[in-house]
Every structure is written in C-alpha cells, then in structure tokens.
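Chemist: here is a sequence together with a model predicted from it:
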Amino acid sequence: MTLSSSIQAYGQIRYTLGLGQSPSPSASPLSPNNNTKKEIILNFYDDDKSQVVNAKPILDKYGFKVTFFIVCNWAGKEDIQQPRMTWRDIGELHKEGHDIESHSMNHKRLNKLSYTELNYEVGQSKQCLADHGVNATVFSPPHSAGWNNATDVTTIAKYYYLSIGGFTTGLMHLHCDGGKRGTIQADCRTFYGNGTLTHTNRYDIKEITHNGMDNALSHNDTMIFQKFVELVNSQTEFNNQPDGIMRSIPIIGYHDIDNNRLPDSTDVSLFAAEMKYLYDNGFKVLTMSDLRYNQSGKYLYVNDSNNDSNYVETNLTTTKRLSGLTDTKQRPAFSYRVY
C-alpha cells in the first residue's frame, strides 16, 4: 500500500469506528475498480454465541449470508466463560439462508485420532447436522489439522464435497496454482501421480484466519483494517480479466466477535468497519456452498447459477452404516470420488 492509501484507510476506520468526521460523499477510500468483480467468502467457527449476538445484526444490515461451521456437541453447551449457540440459533440461521456446515463432533485434531474416532468425528458430524435438517456438504477440520494427512483427507472425501484445509495469508487460487511449496500445481487434483497429497485441492481449500491478524497486530484495529482492505483488494490483479471469471478469492475465518481482546476475538467495531467496507465497495459476499469443483478440468469455481450440472449432489437415496460408529441406525451413504 502507498502512504496515501494507508492514510485513506486510516481515515475510513476512524470514521467507521466513530473516531472522526465523516469523509466527503465523493471519497471512496481504497476503492478498487468498480468494473471488476469483487467477491469474498466469510466463515464463522465453533458455535460462538457472540456470532449471533454481535455479528449477525451487522451481517443483516448489509444483507450478507455467510458460512457457519458447527461443532455438533458444542451446540447448546452451557458455559459461562464461552457461551455457544443453541440448536434453535443454528436453525434460525439456516432458515434465513446462511450456510451451515460441519466442524466435527468434538473439535478434536483429526491427525491424533484412531481410524474409528476419525470416522466418528467426520462422518457422524454430517449425520448430526442431517438430524437437524441440514445437508452439510463442506467440512472444516478443527485447528486446520489433517490437511496434509492422506488418511484424514480420504476420510473427509467419503462424506463431503469440499473441505477447508490449511491456513494461508493470501488468496485462495481456484485453480490451485498458487501453492508455492515445492513445484507449482497445475490444477486441484487431490493426489499427484505418485500418490502423495497435493498442497492445495478441493479438500484443502486455503483460508485466512482473521485471528492471525488480530494477534499479530496486537488488536490494533486501524492496522488490522488496513491489512483487511489490502487483502480483499489483492484479488483484482487475478480477476480483472475480460472474461469476468473469478480465479482467486479471499476466504476469511472468524471466531468470537466481541471486545474481550482474547486470542479468538475480533473487536465488534472492527468487524462492523470491515463489513461496511465490503458493502460500500461493491463486494459480493459468498458462502462455501457457492464453490463448485469441475471434475473434468480439476479446478474450483464460483457457481453463478442455481442449475449446475457439474455439482455432485449427495446421494441420500441409498443407506448404509458408517463403519466404526456406535450408533447402529441406518445412515445415508455419502460418496464423493477423490481426484
């Protein structure tokens, strides 16, 4: 960012946070080219009650729909220190059009589990959400653990269409060709020809953790806001093409939206400033369920249509038992082929 851009961003957050005068109507701090498609995915984790108390009214103000990753056995948990959403809260979010997806049963690190425990955390969480009227097609492993473990990834692929994976500090490149660990990938296939996992794939979609910025910048809201603006606008160089295709997108994950300044906290006023910036600058907020995987081309893309033949729906007509689970009821069969 230039010094001028930094000053503009500073003025914007001071205004939005109530620390200064309103900028003139003609001012558009750090406004990217309005002819460029600008999109972003926002994810929320761990059933934190602050998300419905503090974040949802802000999201509602701008009409944004987001993804909530649910830890099934934490829903409705009574904990004074860390209040969680109730199933009624989650049901209301789902009814209002938010995307509800799976974040395991008990928030355990997948790469520390036995095979039976792994299937329970991954598979039973899908069934748990189904029991509450939600067909979850996206998973996110707790602590981002397991994205580089073939057993964990293969297990996730048995039940889900896509999955969040490792953390990043930049964009998610939808052709998976932005991974710079070793050789650069050409597509989003899950395994190389030699059987080893690729760095980025449909079950390892890279996400920015907002708490990484909160903690690295010591909850300095002005500096975090500047970083946020720089990050969300960095997609322009990849997406500003005549064909209008989205090639790269920022995916940002949040936890607590409160003013406690804890490791999982993002200040409420900062969150409000970020959402206002997205709205004022024409960003389209998407959910994880808006992502699709092209089977033949082996790349991810944003679905711009409700009628998408490339989208593999979960087969709910056939049932089987999930191996290793203690619950003996018949379970839906979820089969996604791993590429």
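Modeler: That came through, no problem. Residues are numbered from 1 along each chain as shown.
Chemist: give me the below-cutoff pLDDT ranges for the chain.
Modeler: 1-36, 80, 179-184, 305-339 (pLDDT under 70).
Chemist: let's see 50
Modeler: The chain contains residues with pLDDT under 50 at 1-7, 9-11, 13-33, 179-182, 306-339.
Chemist: for it, which segments count as helices?
Modeler: In the chain, the helices defined using DSSP state H lie at 3-16, 50, 56-62, 87-95, 115-119, 125-131, 150-159, 210-216, 221-233, 236-239, 268-280.
Chemist: check which helices and strands the fourth one is in contact with.
Modeler: Of the remaining helices and strands, those touching helix 87-95 by 3 or more C-beta pairs under 8 Å, 6 or more residues apart in numbering; DSSP states H and E are strand 67-70, strand 99-102. (Glycine included, C-beta is placed from N, CA and C.)
Chemist: now that helix: how far from the chain's centre is it?
Modeler: Distance, stretch centre to chain centre, for helix 87-95: 18 Å (C-alpha atoms, centre = their mean, to the nearest Å).
Chemist: which residues sit against it?
Modeler: Applying C-beta atoms under 8 Å, 6 or more residues apart in numbering, the external contacts of helix 87-95 come out as 47, 49, 52, 56, 68, 70, 75-76, 100, 132-134.
Chemist: turn the helices and strands packed on helix 87-95 into a markdown table, columns for distance to D280 and mean neighbour count.
Modeler: A markdown table is the format used below for those (distance: least, C-beta to C-beta, whole Å; neighbours: other C-beta atoms under 10 Å):
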| stretch | distance to D280 | mean neighbour count |
| --- | --- | --- |
| strand 67-70 | 22 | 26 |
| strand 99-102 | 24 | 25 |
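Chemist: quick one, which of these is nearest to S234?
Modeler: strand 67-70 (21.1 Å; C-beta to C-beta).
Chemist: can you give the contact residues for the closest one?
Modeler: Residues contacting strand 67-70 (C-beta under 8 Å, 6+ apart): 41-47, 51, 85, 90, 93, 98-103, 125, 129, 138, 140, 164, 287-289.
Chemist: same deal with stretch 205-218?
Modeler: Contacts for stretch 205-218 (C-beta under 8 Å, 6+ apart): 43, 140, 144, 162-170, 172, 200, 223-224, 227-228, 231, 250-255, 263-267, 288, 291, 300.
Chemist: and if you look at stretch 249-259?
Modeler: With C-beta under 8 Å, 6+ apart, stretch 249-259 has contacts from 39-46, 48, 50-51, 54-55, 164, 171-172, 174, 205-211, 231-232, 234-235, 262, 264-269, 271, 286, 288, 302.
Chemist: how about that stretch: buried residues?
Modeler: By 16 or more other C-beta atoms under 10 Å, the buried positions in stretch 249-259 come out as 249-258.
Chemist: what does stretch 234-253 give?
Modeler: Buried, per 16+ other C-beta under 10 Å, within stretch 234-253: 235, 238-239, 246-253.
Chemist: to the chain's geometric centre, what's the distance from it?
Modeler: Centroid separation for stretch 234-253 versus its chain: 16 Å, with C-alpha atoms, centre = their mean.
Chemist: just stretch 61-72 next, same as before
Modeler: 9 Å.
Chemist: okay, how far is it across that stretch, tip to tip?
Modeler: Stretch 61-72 has an end-to-end distance of 28 Å (C-alpha to C-alpha, to the nearest Å).
Chemist: just the endpoints, please. Distance across stretch 283-294?
Modeler: Using C-alpha to C-alpha, one end of stretch 283-294 lies 24 Å from the other.
Chemist: any idea how far the residue most central in space within the chain is from D214?
Modeler: Residue closest to the average C-alpha location in the chain (C-alpha atoms, centre = their mean): N43, at 3.7 Å. N43 sits 15 Å away from D214, taking C-beta to C-beta, to the nearest Å as the criterion.
Chemist: same question, T200
Modeler: 25 Å.
Chemist: just I58 next, same as before
Modeler: 17 Å.
Chemist: same question, G178
Modeler: Between G178 and D214 the computed distance is 24 Å (C-beta to C-beta).
Chemist: more neighbours: the two, which one.
Modeler: D214 (24 against 19; other C-beta atoms under 10 Å).
Chemist: distance check, H107 against K38.
Modeler: In terms of C-beta to C-beta, H107 sits 33 Å off from K38.
Chemist: do the same with Q235
Modeler: 7 Å.
Chemist: same deal with C72?
Modeler: Distance check for C72 against K38: by C-beta to C-beta, it reads 34 Å.
Chemist: who has more neighbours out of these two?
Modeler: C72 (25 against 21).
Chemist: buried residues, stretch 273-289. List them.
Modeler: 273-278, 281, 283, 285-289.
Chemist: look up how far T137 lies from I100.
Modeler: 10 Å.
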